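**Q** Got a predicted model here, sequence first, then my questions.
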Amino acid sequence: MRLALLSDIHGNHVALDAVLDDVTRCAPVDAVVNLGDSYYGPLWPRETRQRLDTLGAWTIRGNQDRELIDPPAAAWNANATLRYDVEQLGADAIDALRTLPAAAWLSDEVYACHGTPDSDTEYLLDDVAGGEPRQRSPAAIAAQLAGINAMLIVCGHSHIPRAVPLDDGRLIVNPGSVGLPAYDDRLPLPHRMQTGTPQARWALVERDAASSCWQAQLRAVDYDHERAARQAMSQQRPDWAAWLRSGRAG
C-alpha cells in the first residue's frame, strides 16, 4: 500500500499543483491523504478548493479549517484574511468543511489526525517550549497516542516534516506543509516554525510487502514561490510573503 500525504496547503494552489505533479512522478499511489488546513491564508482558497474537489483525497479537518466555520464576530471583524477566505470559498465549501472528521481511521492500520488525536491545535511530534521546534522523544510521542495502535499514524499542523519510528514498530509521519514553509505563533507560547527553504513538502509512505513495516520518504518540491509571495502582498500580508520567499519566520 502506498499513500501520498499532504497537509497544510493553506490555499497555495501553485504549490499544490507542483506537489501533485511530483506525486504523479512517484506513481502509482493507492490514495492521497489530506491532513487539513486546506484553505486559510491570503492566497487562492477558491482555486485550491476546485483542485481538491477533483482529487478525491481522504480528508480531515484542521484547526484553521474549523475556524472558517461560523467564525465569531470578533474574529470576523479583526481578521481580513479570514473574511477573504470565507467570501472566496462560498457557503457550499464552508458547509463541506463541517462534514469533515477531526481524525479518522483510514484502515485497520492507518490513523490520521491534524494535530494530536485529542486536539487540532497541539503538536504531536514537536516541543516548542524553547521557541523553536524540537522533536519529542519517542516515549513522549507514545504518551499522546494512548489507545491508538495503528502501525502508521499521520499528522500535520506543525508544518515541520518528520518521520519518527516508535520502539513498538509504529511509524509517525508528518509530511510538512504543502503551502506555507514557515510561520510564527503566540500559542501555546511564542514560537516559530520554519523549514529554512521555500519548497513545498509532502510525504510518500508505503508498507513493505515482505516485512509489513511502513516506510516514509519526505519530499521537497520546487515551485514558483515568488508568485505566491506576490499574491500574499496583494492581500496586505507581508508576513506571509516573507515566509513564502524564505522558509524562515524571523
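**A** Alright, I've got the coordinates. Given the structure is predicted, the values throughout are model-derived calculations rather than measurements. Numbering: from 1, shown residues only.
**Q** Which stretches in this structure count as strands?
**A** 2-6, 31-34, 58-59, 103-107, 110-113, 126-127, 134-135, 152-154, 162-165, 171-174, 182-185, 191-194, 200-207, 214-221 (DSSP state E).
**Q** how about the chain, which residue sits the furthest from its center?
**A** A210 (30.3 Å; CA atoms, centre = their mean).
**Q** Contacts only, for that residue.
**A** A210 makes no contacts at all, as judged by CB atoms under 8 Å, 6 or more residues apart in numbering. Where C-beta positions appear, they are placed from N, C-alpha and C, glycine not excepted.
**Q** So that it lines up with my notes, have the first residue be 779 from now on.
**A** In the new count, where the first residue is 779, that last one comes out as A988.
**Q** distance of it from I847?
**A** Separation of A988 from I847 (CB to CB, to the nearest Å) stands at 44 Å.
**Q** what do you get for D905?
**A** For D905, the distance to I847 (CB to CB) stands at 29 Å.
**Q** try C991
**A** Distance from C991 to I847, by CB to CB: 38 Å.
**Q** Quick one: residues in contact with stretch 817-830.
**A** Contact partners of stretch 817-830, identified using CB under 8 Å, 6+ apart, comprise 787-792, 794-795, 798, 812, 816, 837, 842-843, 845-846, 859-860, 862-863, 866-868, 871, 957-958, 1006, 1009-1010, 1012-1015, 1018.
**Q** Kindly recompute the last result at 6 Å.
**A** The contact list for stretch 817-830, computed with CB atoms under 6 Å, 6 or more residues apart in numbering, reads 787-791, 794, 842, 859, 863, 866-867, 871, 1009-1010, 1013, 1015, 1018.
**Q** which helix is the longest one in the protein?
**A** The single longest helix within the chain, with elements called by DSSP state H, is helix 791-803.
**Q** I'd like to know which elements it is packed against.
**A** Contacts defined by 3 or more CB pairs under 6 Å, 6 or more residues apart in numbering; DSSP states H and E place helix 791-803 against helix 823-831, strand 978-985, strand 992-999.
**Q** so which of the ones you listed gets nearest G1028?
**A** Each of those has some distance to G1028 by CB to CB; the shortest is strand 978-985, at 19.9 Å.
**Q** what angle separates that closest one from helix 791-803?
**A** 30 degrees (axes from the mean of the first three to the mean of the last three CA atoms, to 10 degrees).
**Q** Listing partners with orientation, what would you give for strand 978-985?
**A** Using DSSP bridges, strand 978-985 pairs in its sheet with strand 780-784 (antiparallel), strand 992-999 (antiparallel).
**Q** Can you list the buried residues in the longest one?
**A** Which is strand 992-999. By neighbour count with 16 or more other CB atoms under 10 Å, strand 992-999 contains the buried residues 992, 994, 996-999.
**Q** One more: stretch 902-920?
**A** Within stretch 902-920, the residues scored as buried using 16+ other CB under 10 Å are 902-904, 906, 911, 914, 919-920.
**Q** Start and end of that stretch, how far apart?
**A** Start to finish, the residues bounding stretch 902-920 are 9 Å apart (CA to CA, to the nearest Å).
**Q** Please apply the same query to stretch 971-987.
**A** 35 Å.
**Q** average pLDDT for it?
**A** Here stretch 971-987 scores 96 as its mean pLDDT.
**Q** Need the contact partners of that stretch.
**A** In contact with stretch 971-987 (CB under 6 Å, 6+ apart) are residues 779-781, 783-784, 793, 796-797, 804, 911, 936-939, 951, 953-956, 959-961, 992-1001, 1003, 1025-1027.
**Q** Return a PyMOL selection command for the buried portion of the residues you listed.
**A** To isolate the buried ones among the contacts of stretch 971-987 in PyMOL, judged by 16+ other CB under 10 Å, type:
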select buried, resi 779+781+783+784+793+796+797+911+936+937+938+939+951+953+954+955+956+959+960+961+992+994+996+997+998+999+1001+1003+1025+1027
